[in-house]
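Undergrad: would you be able to build a 3D model of this:
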Amino acid sequence: MTTLLSPRDLEVALELRDLSDPAGGPHAMQPLLDDVLAALTSTWSCSLDVQRRRPLVSVEDNYDRLGYAAADVTRDARYSRYAAETVMLRSHTTAGVPPALRALARTAAVEADVDVLLALPGVCYRRDSIDRLHVGTPHQVDLWRITTTGSAGRRLDADDLEQMVELVVGAVLPGARWRTSPAQHPYTASGLQVDVCTASGWVELAECGLAAEHVLAGAGLAPDRYTGLALGMGLDRALMVRKGIPDIRVLRSTEPRIAAQLLDLRPWRPVSSQPSVRRDLSIVADAPVDAELLGDAVRTALGPAVEDLEAVTVVSSTGYADLPDAARRRLGLRQDQVNVLLRLVLRPLSGTLTDQRANELRDQVYAAVHRGPHGEWATR
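TA: Take a look at the predicted model:
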């Protein structure tokens, strides 16, 4: 039985603002995406079809029709968020590609030639680690150029893919050096990872490849007549690279001095940095320990205060057999449990965090993740 989201968790997820969508108000992510789309369509002289699909998708579209194997670990409820046995919150915007291609196949049935850029931006939902570059609800965009061999005169190939990468990188970070390395995706052939050189080193920007024939065929587009390029990019990471933003939490901040800088693509001007506050928690957890699930539980426990959370790290995990008897008794540890040292790093984006408030947040997290009979509280 797949672990399902609670009605409240689902409600919270669906209420989350999509920063790439102008319908929710202006945000710097929108002109960045516009620049990318303009660079591609003006060079290729192709049509553009921007689709903003609902976050709830079928498991078939999210995994099966893209070529994921039934046993792939990414399907596990530790990493994916299921609303029902056959419905989930999309784990990537690529989940919108199969229905977009099916719709294109219906249109193509009455048109001689096709040359279109499908753009599918939106929020994705994962159970992910927590640090300054990662969040459980990242923004992505899938960019798929689909053509008939008649309209392009030939099949799209590795040279076309390289041009696509060059155009995307040039729009996100003009003048930046970039490199590619081989990468595997079940829905592409000749897959690549794209890295860009930034002031802090090489950073992954996107992944891409030639559209896999099985994905086209499954949507009703015959591979001998249709050909395609596929690129997926994290919009949060792209915007952080473009503006020089060091912390992903900044992108959703409502603090006026920060929010005012998130309306354009001008370089980031640091707002006064607050010192970090560290709290180490010795907890009892059920084995095996999963850092992603713990991170998800921490987010849920903190609620709106999650904005003050910079990172969660599993420092150590010690099993029953490796602990002395005194420690087992003190913790009330069962043989199927482990003692985890969990480190919280709290750093508010604005204002200050008092020791009292840090301890309150620490206790909120402790209450949510500790599975032992005895408690160790900071505020009680």
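Undergrad: okay but Asp35 is in contact with Val169, surely?
TA: No. Asp35 is beyond contact range of Val169, at 11.5 Å (criterion: Cβ atoms under 8 Å). C-beta coordinates here come from the backbone N, C-alpha and C atoms, glycine included.
Undergrad: any idea how far the residue nearest to Gly25 when sequence neighbours are not counted lies from Ser91?
TA: Nearest non-adjacent residue to Gly25, counting by Cβ to Cβ, 6 or more residues apart in numbering: Arg17, 8.0 Å away. Counting by Cβ to Cβ, to the nearest Å, the gap from Arg17 to Ser91 is 19 Å.
Undergrad: same thing with Asp115?
TA: 30 Å.
Undergrad: quick one on the thing from earlier: helix, strand, or coil at the residue nearest to Gly25?
TA: coil (DSSP: H, G, I helix; E, B strand; the rest coil).
Undergrad: is Leu143 in a bridge, and if so with what?
TA: Beta-bridge partners recorded for Leu143 (DSSP bridges): Ala119, Leu231.
Undergrad: wait, what's in contact with it?
TA: 36, 40, 117-119, 164, 168, 229-233 (Cβ atoms under 8 Å, 6 or more residues apart in numbering).
Undergrad: same thing with Ala69?
TA: Here Ala69 is in contact with Pro186 (criterion: Cβ under 8 Å, 6+ apart).
Undergrad: returning to that earlier point: looking at Asp35 and Val169, which is more packed in?
TA: Val169 (24 against 17; other Cβ atoms under 10 Å).
Undergrad: just to check, that one is in contact with Cys208?
TA: No. The criterion here is Cβ under 8 Å, and Val169 misses it with Cys208 at 11.0 Å.
Undergrad: check contacts around Leu294.
TA: Applying Cβ under 8 Å, 6+ apart, the residues near Leu294 are 285, 312, 314, 340, 342, 369.
Undergrad: and the gap between the residue nearest to Gly25 and Asp363?
TA: For Arg17 relative to Asp363 (Cβ to Cβ), the value is 29 Å.
Undergrad: the two: which is more packed in?
TA: When neighbours are counted by other Cβ under 10 Å, Arg17 and Asp363 differ, and Asp363 comes out ahead with 19 against 13.
Undergrad: in a helix, the more buried one, correct?
TA: Yes. Assigned with three-state DSSP, Asp363 falls within a helix.
Undergrad: state the distance from it to Leu101.
TA: In terms of Cβ to Cβ, Asp363 sits 50 Å off from Leu101.
Undergrad: circling back: most neighbours of all the contacts of Leu294, which one?
TA: Leu342 (25 neighbours).
Undergrad: that residue touches Val312, doesn't it?
TA: Yes. Leu342 lies in contact with Val312 (Cβ under 8 Å); the separation is 6.9 Å.
Undergrad: so who does Ser20 touch?
TA: With Cβ under 8 Å, 6+ apart, Ser20 has these contacts: 27, 29-30, 33, 121-122, 139, 141, 235.
Undergrad: same thing but at 6 Å, please
TA: Ser20 is in contact with 29, 33, 121, 139, 235, counting by Cβ atoms under 6 Å, 6 or more residues apart in numbering.
Undergrad: that one: what secondary structure?
TA: Ser20 - assigned by three-state DSSP - is coil.
Undergrad: ok, it to Glu162 distance?
TA: Ser20 is 26 Å from Glu162, by Cβ to Cβ.
Undergrad: in strands only, show me the contacts of Ser20.
TA: 121, 139 (DSSP state E).
Undergrad: and of the contacts of Ser20, the nearest to Asp224?
TA: Nearest to Asp224 among the contacts of Ser20: Pro121, at 30.7 Å, using Cβ to Cβ.
Undergrad: which of the contacts of Leu294 fall in strands?
TA: Those of these lying in strands (DSSP E): 285, 312, 314, 340, 342.
Undergrad: coming back round to it: higher neighbour count, Asp115 and Ser91?
TA: Ser91 (20 against 15).
Undergrad: distance of the closest residue in space to that one that isn't next to it in sequence from Leu361?
TA: Of all residues not flanking Ser91 in the chain, Ser80 sits nearest, at 5.2 Å (Cβ to Cβ, 6+ apart). Counting by Cβ to Cβ, the gap between Ser80 and Leu361 amounts to 28 Å.
Undergrad: how about Ala39?
TA: From Ala39 over to Leu361 (counting by Cβ to Cβ), the distance is 43 Å.
Undergrad: on that earlier part again, and for the residue nearest to Ser91, the neighbour number?
TA: 20.
Undergrad: you'd agree Ile146 is up against Gly228?
TA: Yes. Ile146 lies in contact with Gly228 (Cβ atoms under 6 Å); the separation is 4.5 Å.
Undergrad: just want to know which of the two has more residues nearby.
TA: Ile146 (28 against 25).
Undergrad: how about the more buried one, secondary structure?
TA: Strictly by three-state DSSP, Ile146 counts as strand.
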